[in-house]
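Asker: give the three-dimensional model of this entry:
(3 chains)
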Amino acid sequence: MSRTVMTLTAQDLAERLGGSLEHCPPDRIISEVKPLEEARAGSVSFLANPKYATKAKESAAGLIFAEATVDLGDHPVLRVKHPYWAFAQAIGWLHPEPDPEWSATPVHPSAVVGEGCRIAPGATVGGRTVLGKDCVLHPGVHIGDDCVLGDGCELFSGVVLYRRTRLGNRVTIHANSVVGSDGYGYVLVEGRHAKIPQVGWVEIGDDVEVGACVTIDRGVLGPTRIGLGTKIDNQVQVGHNVQVGKHCLLVSQTGISGSTKLGDYVTLAGKVGVVGHIEIGSRSVVGGNSVVAKSLPEGSFVTGFPARPHREWTEAQAALNRLPRLMKQLRKG
Amino acid sequence: MSRTVMTLTAQDLAERLGGSLEHCPPDRIISEVKPLEEARAGSVSFLANPKYATKAKESAAGLIFAEATVDLGDHPVLRVKHPYWAFAQAIGWLHPEPDPEWSATPVHPSAVVGEGCRIAPGATVGGRTVLGKDCVLHPGVHIGDDCVLGDGCELFSGVVLYRRTRLGNRVTIHANSVVGSDGYGYVLVEGRHAKIPQVGWVEIGDDVEVGACVTIDRGVLGPTRIGLGTKIDNQVQVGHNVQVGKHCLLVSQTGISGSTKLGDYVTLAGKVGVVGHIEIGSRSVVGGNSVVAKSLPEGSFVTGFPARPHREWTEAQAALNRLPRLMKQLRKG
Amino acid sequence: MSRTVMTLTAQDLAERLGGSLEHCPPDRIISEVKPLEEARAGSVSFLANPKYATKAKESAAGLIFAEATVDLGDHPVLRVKHPYWAFAQAIGWLHPEPDPEWSATPVHPSAVVGEGCRIAPGATVGGRTVLGKDCVLHPGVHIGDDCVLGDGCELFSGVVLYRRTRLGNRVTIHANSVVGSDGYGYVLVEGRHAKIPQVGWVEIGDDVEVGACVTIDRGVLGPTRIGLGTKIDNQVQVGHNVQVGKHCLLVSQTGISGSTKLGDYVTLAGKVGVVGHIEIGSRSVVGGNSVVAKSLPEGSFVTGFPARPHREWTEAQAALNRLPRLMKQLRKG
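Answerer: This next block holds a predicted model:
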């Protein structure tokens, strides 16, 4: 995958953001934006919520954006008014998205197409994209630049893969699904929702099947992942940085918010909603139309809005049906 | 925008609909269909619900379709059996949709393309459509006739703009979203759902971002509007004539029914449903998966099905969890 | 419609599946897979749940896959470990899906296009597909092989019809909708979700209108059906083998799970969920956001999660709002 490496010095960042450096040589080279836990010497990270100050102090980040008032010991810091907004801007500077590369031919000359592939008229394949053997692209499929498909993938009409999408072997995607679109990330700055650039990608494992009109957003900086053997029904939405395990079932119209993790063999029945940043343990089952608002241990079986153990929910609904009569009786005395 | 103006006399309408005129010269020229409050001398409007008779009497409409039994004083009226169906037919006669104009070239010869635009092979642009500067159309974008795009818009693969869609500057629309499709409007006539022609359009303000697989219906006669700076997540549905204010956040899988109005800085979390013909005040927040069934004042924070003040909903759910035990205790005595 | 007929003997199936035949001549010709109630002499069917043994005994199927322990009298049986998985494999062997047929021309040379059709550049029509008179295909429409469209159909940009889709007369389908995609059917075999091949089709009656980004899955073996005059709003999902009656209204973001039947004039308001394998009687109305978990008689009016008679639900919600106060009072004594 060809990506031009951009770098800035700590001093460059300080000037662009109007902030002041502490405990950091001004000529330190910064080449990437990373979350605190993944950051390295050449990374800049950010601390938006002071309660994570300890995590920030322990981070290997070469530089951290933080507000003036947070104590980070002698960790290299760039003091800014709005660390999250600084982070968003730094993504744009250090990880710029290249322009799409279109060619006069449907398959870009730099793309590599494996033996036995069938590419319909009207399908397009972007620059440097690699297709394995025996892939089938139906009319109107559009694959962006720098994608990698394994062997035996079939993409139906209207499927769109954004740049850098990675599919394993034998992945099937039904019509009009979108893989790798920008996640929903904004930061409110002076009354406007400023975009946090979404420069990650999507990785889909072997033997995954994706239904029609599904949307899977790419990660902010890294991957959104769908594990091997998982089956996704029509109109499911998967947010940025979500990690879905192996052999999961995501039934129609389900939505999973950003950064949530599912174990293996998780079943989300139809129309389930899952909030962001939680974990659902392996072999859990969530009943149809339920809303999961907190993490669940392995083997959970929950239902309702908000979701609770299935039996509790069933009993509560039965009780609710008797409640109006109970209230009448109590009123009568 | 080129639209042929069709006109009919009041007498023409009476003959086509089999109704009788009152207080109206038969040669009155009618050139448009309008709601009562927007109607002018050349407009025909309709009164379906007698409780709005006062509004009808005060309307400037040159003609009103009404049932025989409703007293409208000396207002010009065409008495018909089924005013709403008459209205639907009149839209078809007075606002006929022209056939789409396709050319052998991907960009219609009558379209105007601004400097610096990048149009991918396989994208199409309709008749008389105007693109501002520096727009990017990915492969498989289809823009209808008579659309107007501002500067710096980016439309990803598979985006479809129906005729007369208007985008501001720097509008981004992700893959496979549809803007300007017909709203869901029918009237039951003799056992069949007859279509109310949808001849309005969609207007999207500057700096709006629209996710993937979003649908925004055009208005019946006028615009559906998305205000400046609003951000719409994947798989959101916006019904006809909806008016969304500035800087709103509409999170994934939310649906807004027809003619509803949102103020500015409204947040609808994921999977929210909003009924039609209500108003949600500015800076309101609706919790995920909630159903808003009535208008909300500014600054509301509601959750649930139906939505109620967030704290009330939380307390009610906690109480519901304890209800089965309470009922057992009461039964024991 | 050209379909190569594949046949296997009972013995062939026994060898491929590693099972043993009972009461069945080994040279019996099997040419199709069918559910128990539709099976004929040349059909193989399956019994997964022993409680349907009586139904199996009465079936005209030439062969039934069943586990070793189930008593089926002298009915011809192939004893296998996993009857449902045997059924899935037999579909693949007896009903293989042909490769799609693409041509260098947008309209396949074997397709038949009626008088007055308007086919935009960039639309494609598959092999042996038949279009009636006066159909309109917008840019980017993709119609598969062996489809049949009646007269006066209009398909907007990005609509995808999978192979063998059948549309009546005057069917309108809005942009980016998908008709005939594979249903969501898997069987868990040794820790993996093995696909049940989906080889049925979709039939849509006259005067049906389908919104944007709708998905309608084809049946497993037979049709998914949408009855005459039914109107489907944006982002609705219809599962495999669903039978929707005439003149129904399916409002936006509603989902209907597999094999469910709706009568005529049924209204499902926005965001409704319906479980699979139930029946909703004619003229029933389901309130917005409700979840229908069991069959409903004609003329029902239900709301809630789970759906219950509308009035009961309204009263229960009102009581729920008063519940926290009641509990406080009871606690005080």
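
Asker: just the endpoints, please. Distance across stretch A:151-163?
Answerer: End-to-end distance for stretch A:151-163: 19 Å, by CA to CA, to the nearest Å.

Asker: who are the contact partners of A:R163?
Answerer: A:R163 is in contact with A:97, A:100, A:126, A:144-147, A:180, A:201, counting by CB atoms under 8 Å, 6 or more residues apart in numbering or on different chains. Placement of C-beta: from N, CA and C, glycine included.

Asker: filter those to the buried ones?
Answerer: A:100, A:126, A:144-147, A:180, A:201 (16 or more other CB atoms under 10 Å in any protein chain shown).

Asker: out of the residues you listed, who's near chain B?
Answerer: Among these, the ones lying near chain B by CB under 8 Å from any CB of the partner chain are A:P100.

Asker: export the buried ones among the contacts of A:R163 to a markdown table and tack on pLDDT?
Answerer: Below are the buried ones among the contacts of A:R163 laid out as a markdown table (pLDDT from 0 to 100):
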| residue | pLDDT |
| --- | --- |
| A:P100 | 94 |
| A:G126 | 97 |
| A:G144 | 98 |
| A:D145 | 98 |
| A:D146 | 98 |
| A:C147 | 98 |
| A:G180 | 98 |
| A:W201 | 98 |
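
Asker: what's the closest non-adjacent residue to the most centrally placed residue in chain A?
Answerer: For chain A, A:H240 is the residue whose C-alpha lies nearest the centre (CA atoms, centre = their mean; 1.8 Å). Distances taken as CB to CB, 6 or more residues apart in numbering or on different chains place A:G183 nearest to A:H240, at 2.6 Å, with adjacent residues excluded.

Asker: shouldn't the one you found be in contact with A:V220?
Answerer: Yes: with contact defined as CB atoms under 8 Å, A:G183 counts as touching A:V220 (6.1 Å).

Asker: just the buried positions in stretch A:28-47, please.
Answerer: So for stretch A:28-47, counting by 16+ other CB under 10 Å, buried means A:28, A:30-36, A:39, A:42-47.

Asker: next: stretch A:256-268.
Answerer: Those would be A:256-268, for stretch A:256-268 by 16+ other CB under 10 Å.

Asker: wait, which of those is closest to C:A60?
Answerer: A:T267 (35.5 Å; CB to CB).

Asker: now do the contacts for that closest one.
Answerer: Applying CB under 8 Å, 6+ apart, the residues contacting A:T267 are A:248-249, A:251, A:284-286.

Asker: what's across from it in the sheet?
Answerer: A:L249, A:V285 (DSSP bridges).

Asker: got the CA coordinates for stretch A:258-273 in CSV?
Answerer: Coordinates of each C-alpha in stretch A:258-273 appear next as CSV, following Å, rounded to 0.1, in the frame of the first residue of the first chain:
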residue,chain,number,x,y,z
GLY,A,258,-18.4,3.1,17.3
SER,A,259,-15.6,1.3,19.1
THR,A,260,-17.8,-1.5,20.5
LYS,A,261,-16.4,-5.0,20.6
LEU,A,262,-18.3,-8.3,20.0
GLY,A,263,-16.8,-11.6,21.0
ASP,A,264,-17.3,-14.8,18.9
TYR,A,265,-20.7,-16.4,18.2
VAL,A,266,-22.6,-13.4,19.3
THR,A,267,-26.2,-13.1,17.9
LEU,A,268,-27.8,-9.7,17.6
ALA,A,269,-31.4,-10.3,16.4
GLY,A,270,-33.2,-7.9,14.2
LYS,A,271,-33.3,-4.2,14.8
VAL,A,272,-30.9,-4.4,17.8
GLY,A,273,-29.1,-1.2,18.8
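
Asker: that stretch - what's its average pLDDT?
Answerer: For stretch A:258-273, mean pLDDT is 98.

Asker: return the residues of the stretch 51-200 of chain A in contact with chain C.
Answerer: Proximity of the stretch 51-200 of chain A to chain C, by CB under 8 Å from any CB, involves residues A:118, A:120-122, A:136, A:138-140, A:156-158, A:174-176.

Asker: show me what counts as buried in the longest helix along chain A.
Answerer: Determined from DSSP state H, the single longest helix within chain A is helix A:310-332. Buried positions in helix A:310-332, judged by neighbour count with 16+ other CB under 10 Å: A:310, A:313-317, A:319-321, A:323-324, A:326-327.

Asker: got the residues of the stretch 51-200 of chain A near chain B?
Answerer: Counting by CB under 8 Å from any CB, the stretch 51-200 of chain A sits next to chain B at A:99-100, A:102-104, A:106, A:122, A:124, A:140, A:142, A:158, A:160, A:162, A:176-178, A:181-182, A:184, A:186, A:191-193, A:195.

Asker: try 6 Å this time
Answerer: Residues of the stretch 51-200 of chain A lying near chain B by CB under 6 Å from any CB of the partner chain: A:102, A:124, A:142, A:158, A:160, A:176, A:178, A:181, A:184, A:186, A:192-193.

Asker: hmm, which of the residues you listed are the buried ones?
Answerer: A:102, A:124, A:142, A:158, A:160, A:176, A:178, A:181, A:184, A:186, A:193.

Asker: need the residues touching each of A:G183 and A:V220.
Answerer: Residues within reach of A:G183 and of A:V220 at once, by CB atoms under 6 Å, 6 or more residues apart in numbering or on different chains, are A:198, A:240.

Asker: any stretches of chain A with poor pLDDT?
Answerer: By pLDDT under 70, the low-scoring segments of chain A are A:1-4, A:333.

Asker: what's the domain layout of it?
Answerer: Per automatic domain parsing, the structural domains of chain A span A:8-94, A:112-310.

Asker: I'd guessed A:P26 sits against A:L13; true?
Answerer: No: using CB atoms under 6 Å, A:P26 makes no contact with A:L13, being 9.8 Å away.

Asker: looking at those two, which has the bigger crowd around it?
Answerer: Shown here are A:P26 and A:L13; by other CB atoms under 10 Å in any protein chain shown, A:L13 has more neighbours (25 against 12).

Asker: find the residue closest to the more buried one in space, skipping its chain neighbours.
Answerer: Here the residue nearest A:L13, using CB to CB, 6+ apart, is A:L78, at 5.9 Å.

Asker: need the contact partners of the helix or strand that that neighbour is a member of.
Answerer: Under the criterion DSSP states H and E, the helix or strand holding A:L78 is strand A:77-79. Applying CB under 6 Å, 6+ apart, the contact partners of strand A:77-79 are A:13-14, A:19-22, A:63-66, A:68.

Asker: for C:I232, state which of the residues you listed is nearest.
Answerer: The nearest one, if we look at these relative to C:I232 and count by CB to CB, is A:F65, at 48.9 Å.

Asker: about what we covered before: identify the residues contacting the residue nearest to the centre of chain A.
Answerer: By CB under 6 Å, 6+ apart, the neighbours of A:H240 are A:183, A:217, A:219-220, A:224, A:258.

Asker: burial count for A:P109?
Answerer: A:P109, neighbours per other CB under 10 Å, totals 9.
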